[in-house]
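Participant: sequence first, predicted coordinates after that:
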Amino acid sequence: MSTEEPMSIEDRVRTATQAGAALVRDIGPMVAEPAKVRFRRRPARPLRRWLSWGIPLAAAAAVVLLALSLVTVRGTHSGAPALGRSVAPTLSPRPGGPSPSPVPRYYVALDQGETSSGNHGSYQTSLIVGDDVTGTAIATVNPPSGMEFLSVQGASDDRTFVVIGGSKLNPVPSAWYLLRMAPGSDRPYQLAKVPIKLAGGGNAEVLAYALSPDDSELAVESQQGSQDSGANVTTLAIYSVSSGAELRAWTTGGYTQELGYPDALSWLPGGRQLSFSHIPPGRHDADQDQVRTINVTGHGIDLLAASRVVLTVTDPPSSPSTCWTLNLTPDGGTVICGTQYNESADDRGTDAGCASAGLEFTAYSARTGKPVRVLYKDQGPCSNGETAVLWTDSSARYVIGATETNLGNQGGKQAGQLGVITDGHLRPLKLPASARQTDYLTVAF
Amino acid sequence: MQQPTETLPTGLEARQRVSALYQTHALALKKLAFLMTGDQPTAEDIVQDAFLGLCRRWPSLHETGNALGYLRASVLNGCRSVHRLRFRRQGITLDAPADSLSAEDIAVLGEANREVLAGIRRLPPRQREAVVLRYYLDMTEDQAAQAMGVTRGTVKSATSRGLAALARMLEETK
């Protein structure tokens, strides 16, 4: 019988992984593949020949395309609202002219092209700006010199995005940008730096951020460890986009704030309230999740005292299925839980648990706190996986969601979907492979 | 402003530099891949692929410090897609056996460690990566975020969720 103190889960992981790694004692010599490498690389000489006459040809083609796009823009403007969403005829056809799309037409994704083949590393140094209806990439946005893009979020329209950048040498969030799209124009995007400096600088960790409906303020939820108390203090702050000045801030005070989720901070219409997700203190096992709202014009600086609980989701003890993302719809009436499933020991060797619990998007009534409908359930086989809400319309009738599933105990075959959820179905969006590999949280709408 | 980077050579010298990196880092990367996949031959394939990828990518790498980061990211990506790649290349699925350890390995490892490792491999990919990078490689959240290609917030969240799920699994096996 052991009389030792029980090890923490962190120490158990350390011990087990070191022991597991020690089983690997050697590796064979490096496999040489020079011929294949040379064959796959584009010969330099033909490229230079192409450049010598290709550039004028490309310029001429660009002029023709520009002229065509101007004609298209004029035609679109003649029938579309000036500030309305762009047209997505495949989703909401309306006889007699273009209609507002139920989902944002444009997306911005961190370029993960180098990860798509399985043979390259992941260097997210640029952004892909694209049209999810046609599947076309509109532009590639390269970061300023010495920087790389780390994260992107959409705003309330479908053409404005907030981008976080960091130094390549020290890739922590240090620079903020506004990316505005102007599809069809000669400058399809503009990238402008926003002069925000987070309190805590490089020590603060950005959890979530959201641009106000009028694009004038940026809400940022960040977390910073206190060396004195060891507590992780969460700060929700609002910054002026034009000046970078901090306008308001709330913190969780001196206790350790449990983690929220990425992408779960949003403004409600009117720009007077923010919603955010939250794990209550003492719920480190993540069996209870909350959505809260806070009045940005209200009193107080304590984040929890100044905010109110909209919904608390409590998972059954030991349940392998929990909410992975929790989002409040803009009308304040619905909370969407995107579930995750961790294969439990009971299901060893089978996928029955994952299949029966399912990966799903569940709508809860914010008024009653009860689940009201399943927006979409992934019917595919799975051993484990997770789902995430990337965007929702005002009432969860249209949701952009992503699923990521694994099959097999050994991290086997993976599958994933990213698309528009409506009427119980998920209609995949047209995104280039490089925009949806490995991490769907790097795509913004 | 000029960045403090070292321009890498190309051609034969580059090949030699990649070979030197292989000598230095290949075994450690194979260990990382083994923890992710649970299968040594698969882990070795992934590492070999990563170094071949580095050879191809070498001319476009501008910083020596990027090479190891590139390799680590490539190994992580290889772990995620290994079964899909095998299917494409060979036309068959090769799911790793439920427990690919030899009897000797099982004895050396011990039951408690095996349960933890099995639990880690049941985690969703992002949680698995975050847990292994943070607690096996002792990476900071920044370093893990860079290796995984996600934000620090995602690493922290994934780590927290992964540990919670792992604790739950281990509790159930008692």
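Facilitator: Received it, and whenever you're ready, just let me know what you need.
Participant: where does chain B have low pLDDT?
Facilitator: Where chain B drops to pLDDT under 70, the residues are B:1-14, B:57, B:59-65, B:80-101, B:149, B:173-174.
Participant: if you set the cut-off to 50 instead, what comes out?
Facilitator: Within chain B, the stretches with pLDDT under 50 are B:1-9, B:83-99.
Participant: same thing with the stretch 101-250 of chain A?
Facilitator: Those would be A:113-124, A:227, if you go by pLDDT under 50 across the stretch 101-250 of chain A.
Participant: can you give me the strands in it?
Facilitator: In the stretch 101-250 of chain A, the strands defined using DSSP state E, counting those that start in this stretch lie at A:106-110, A:127-131, A:137-141, A:147-154, A:160-167, A:175-181, A:189-194, A:205-211, A:217-225, A:232-240, A:246-251.
Participant: what's the closest of those to residue B:77?
Facilitator: With C-beta to C-beta, the closest approach to residue B:77 among the strands of the stretch 101-250 of chain A belongs to strand A:106-110: 14.3 Å. Where C-beta positions appear, they are placed from N, C-alpha and C, glycine not excepted.
Participant: strand partners (parallel or antiparallel) of the closest one?
Facilitator: Under the criterion DSSP bridges, strand A:106-110 sits next to strand A:127-131 (antiparallel), strand A:443-444 (antiparallel) in its sheet.
Participant: those into TSV, with extra columns for mean neighbour count?
Facilitator: Formatted as TSV, these follow (neighbours: other C-beta atoms under 10 Å in any protein chain shown):
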stretch	mean neighbour count
strand A:127-131	23
strand A:443-444	24
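Participant: reformat these as JSON lines; add distance to residue A:328.
Facilitator: What follows is the strands paired with strand A:106-110, written out as JSON lines (distance: least, C-beta to C-beta, whole Å):
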{"stretch": "strand A:127-131", "distance to residue A:328": "27"}
{"stretch": "strand A:443-444", "distance to residue A:328": "18"}
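Participant: so which of these gets nearest residue A:273?
Facilitator: If we rank the strands paired with strand A:106-110 by C-beta to C-beta, the stretch that ends up nearest is strand A:443-444, at 21.5 Å.
Participant: residue A:334: how many residues sit nearby?
Facilitator: Neighbours of residue A:334 under the rule other C-beta atoms under 10 Å in any protein chain shown: 24.
Participant: next one: it from chain B, what distance?
Facilitator: Residue A:334 is 23 Å from chain B, where distance means C-beta to the nearest C-beta, to the nearest Å.
Participant: over to residue A:422?
Facilitator: Where chain B is concerned, residue A:422 sits at a distance of 26 Å (C-beta to the nearest C-beta).
Participant: which of the strands of the stretch 101-250 of chain A is buried the deepest?
Facilitator: Counting by mean count of other C-beta atoms under 10 Å in any protein chain shown, strand A:106-110 has the highest mean neighbour count of the strands of the stretch 101-250 of chain A, with a mean of 28.
Participant: so it versus strand A:137-141, what angle?
Facilitator: In terms of direction (axes from the mean of the first three to the mean of the last three C-alpha atoms, to 10 degrees), strand A:106-110 departs from strand A:137-141 by 40 degrees.
Participant: any idea how many residues pack against the closest residue to residue A:18 other than its chain neighbours?
Facilitator: Of all residues not flanking residue A:18 in the chain, residue B:136 sits nearest, at 7.0 Å (C-beta to C-beta, 6 or more residues apart in numbering or on different chains). Neighbours of residue B:136 under the rule other C-beta under 10 Å: 20.
Participant: residue B:136 touches residue A:12, doesn't it?
Facilitator: No: applying C-beta atoms under 8 Å as the test, residue B:136 and residue A:12 come out as separate, 12.0 Å apart.
Participant: now do the buried residues in stretch B:123-140.
Facilitator: B:123-137, B:139 (16 or more other C-beta atoms under 10 Å in any protein chain shown).
Participant: could you do stretch A:355-370 as well?
Facilitator: A:355, A:357-364, A:366.
Participant: now, among those residues, which is nearest to chain B?
Facilitator: Chain B has its nearest neighbour among these in residue A:359, at 10.3 Å by C-beta to the nearest C-beta.
Participant: any idea where the helices of chain B begin and end?
Facilitator: B:12-37, B:40-57, B:66-90, B:103-109, B:111-122, B:125-135, B:141-148, B:152-173 (DSSP state H).
Participant: of all these, which one comes closest to residue A:311?
Facilitator: Of the helices of chain B, nearest to residue A:311 by C-beta to C-beta is helix B:152-173, at 19.3 Å.
Participant: and that closest one with chain A, contact?
Facilitator: Yes: among the residues of helix B:152-173, B:152-154, B:156-157, B:160-161, B:163-173 lie within reach of chain A under C-beta under 8 Å from any C-beta of the partner chain.
Participant: weed out the non-buried ones from these.
Facilitator: Counted by 16+ other C-beta under 10 Å, the residues of helix B:152-173 next to chain A give B:152-154, B:156-157, B:160-161, B:163-170 as buried.
Participant: which one of the residues you listed is nearest residue A:240?
Facilitator: residue B:153 (22.9 Å).
Participant: correct me, but the closest one touches residue A:208?
Facilitator: Yes: applying C-beta under 8 Å, one finds residue B:153 in contact with residue A:208, separated by 7.1 Å.
Participant: still on that earlier bit, tell me who's in contact with the residue nearest to residue A:18.
Facilitator: A:13-14, A:17-18, A:21, B:32, B:35 (C-beta atoms under 8 Å, 6 or more residues apart in numbering or on different chains).
Participant: turn these into a markdown table, including neighbour count.
Facilitator: A markdown table is the format used below for the contacts of residue B:136 (neighbours: other C-beta under 10 Å):
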| residue | neighbour count |
| --- | --- |
| A:13 | 25 |
| A:14 | 17 |
| A:17 | 23 |
| A:18 | 14 |
| A:21 | 20 |
| B:32 | 28 |
| B:35 | 27 |
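Participant: which members of these are positioned in helices?
Facilitator: Going by DSSP H, the helices hold A:13-14, A:17-18, A:21, B:32, B:35 from the contacts of residue B:136.
Participant: residues near the nearest residue to residue A:182 once chain neighbours are set aside, how many?
Facilitator: Distance criterion C-beta to C-beta, 6+ apart; nearest residue to residue A:182, sequence neighbours excluded, is residue A:188 at 6.0 Å. Residue A:188 is flanked by 15 other residues according to other C-beta under 10 Å.
Participant: do residue A:8 as well
Facilitator: With other C-beta under 10 Å as criterion, residue A:8 counts 11.
Participant: over to it: give its phi and psi.
Facilitator: phi -70, psi 160 (degrees, to the nearest 10).
Participant: quick check: the gap between it and residue A:280.
Facilitator: Distance, residue A:8 to residue A:280, by C-beta to C-beta, to the nearest Å: 22 Å.
Participant: how is chain B divided into domains?
Facilitator: B:10-91+B:102-109, B:111-174 (automatic domain parsing).
Participant: go through these and pick out the most buried.
Facilitator: Most buried of these by mean neighbour count (mean count of other C-beta under 10 Å) is domain B:111-174; its value is a mean of 22.
Participant: quick one: strands adjacent to the host helix or strand of residue A:388?
Facilitator: Per DSSP states H and E: residue A:388 is located in strand A:384-392. Using DSSP bridges, strand A:384-392 pairs in its sheet with strand A:334-341 (antiparallel), strand A:399-407 (antiparallel).
Participant: residue A:192 touches residue A:180, doesn't it?
Facilitator: Yes: using C-beta under 8 Å, residue A:192 is in contact with residue A:180, at 7.5 Å.
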